[in-house]
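**Q** Next come a sequence and a model predicted from it.
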Amino acid sequence: MDNQRDVQTDITQLLQDYHYGDKAAYDKLFKLVYAQLKKVAHNIKFHNPDNYTMNTTALVHEAYLKLLNNNSISWENRKHFYSLASKAIRQILIDSARKKLALKRNAAENSEDDLLNMPVDTAYDIEALEYALKKLEKKYTVVSKIIEYRFFVGMTVKETAEALEISPATVKRNWAMGKMWLYNEIKKLDRGSLTFFAD
């Protein structure tokens, strides 16, 4: 229990350091958040693409409860945590997708490294989504952040607006535009459609 409190204190301090511009704190935080999310991901089922947002929300929520003390963390620091979590989940998904596709290419059986045990079709979708997101980031930075927060962390329109300090109407408009943009980019890759962007 004391060890858990120490971790929470460390993360709270690192979040504050990151808030005040300490770039080294970001790297340390990312490693801690990534490790916790990866641990929690073992218990999350990703078999149905329709449930991706629900799954990632559950994953982030559990990691948040384990890593932070809800009562003492400020909104500013929670904002940084969610930003880190969205990037960590994105990395976990793409790592898992690439491992699945590598296994398929080598005609190998699933291994313990195949963390999320996702279907091959979903792995293709995730890889295509990552490719499209990288293009989106270069073209529309705010839109890509909205996609990250809403899709990978499951944040509401209101939470996303507060995190990015923009209006809920702007979030809704850019969320709709971003989904359509990604859908069109992925269609060009002939990798299917974004079935997990339902709402």
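**A** Everything's here; your move.
**Q** Touching, A123 and A97? I think so.
**A** Yes: using C-beta atoms under 8 Å, A123 makes contact with A97 at a distance of 3.9 Å. Any C-beta I mention is one placed from the backbone N, CA and C, and that applies to glycine too.
**Q** For the chain, which segments are assigned as helices?
**A** Using DSSP state H, the helices assigned to the chain run over residues 2-19, 23-41, 52-67, 75-105, 120-139, 141-147, 157-164, 168-188.
**Q** Report the mean confidence score over the last one.
**A** Averaging pLDDT along helix 168-188 gives 93.
**Q** What of the third one?
**A** Mean pLDDT, computed over helix 52-67, is 62.
**Q** where does the protein have its least confident helix or strand?
**A** Every helix and strand in the chain was compared by mean pLDDT, DSSP states H and E; the lowest is helix 52-67, with a mean of 62.
**Q** R98: neighbouring residues, count only.
**A** 14 (other C-beta atoms under 10 Å).
**Q** picking that back up, and the helices of the chain, which one's lowest on average pLDDT?
**A** Note on the helices of the chain: helix 52-67 shows the lowest mean pLDDT, a mean of 62.
**Q** Now for F81, how many residues are close by?
**A** 22.
**Q** so how far is K87 from it?
**A** Going from F81 to K87 by C-beta to C-beta, to the nearest Å gives 11 Å.
**Q** do the same with I11
**A** Distance check for I11 against K87: by C-beta to C-beta, it reads 16 Å.
**Q** Between these two, point out the one with more neighbours.
**A** I11 (22 against 16).
**Q** just checking, that one touches F30?
**A** No: in this structure I11 lies outside contact range of F30 using C-beta under 8 Å: 11.3 Å.
**Q** which residues do the two both contact?
**A** Residues touching both I11 and F30 (C-beta atoms under 8 Å, 6 or more residues apart in numbering): none.
**Q** For I89, which non-adjacent residue is closest in space?
**A** Nearest in space to I89, with sequence neighbours left out and distances taken as C-beta to C-beta, 6 or more residues apart in numbering, is F152 at 4.5 Å.
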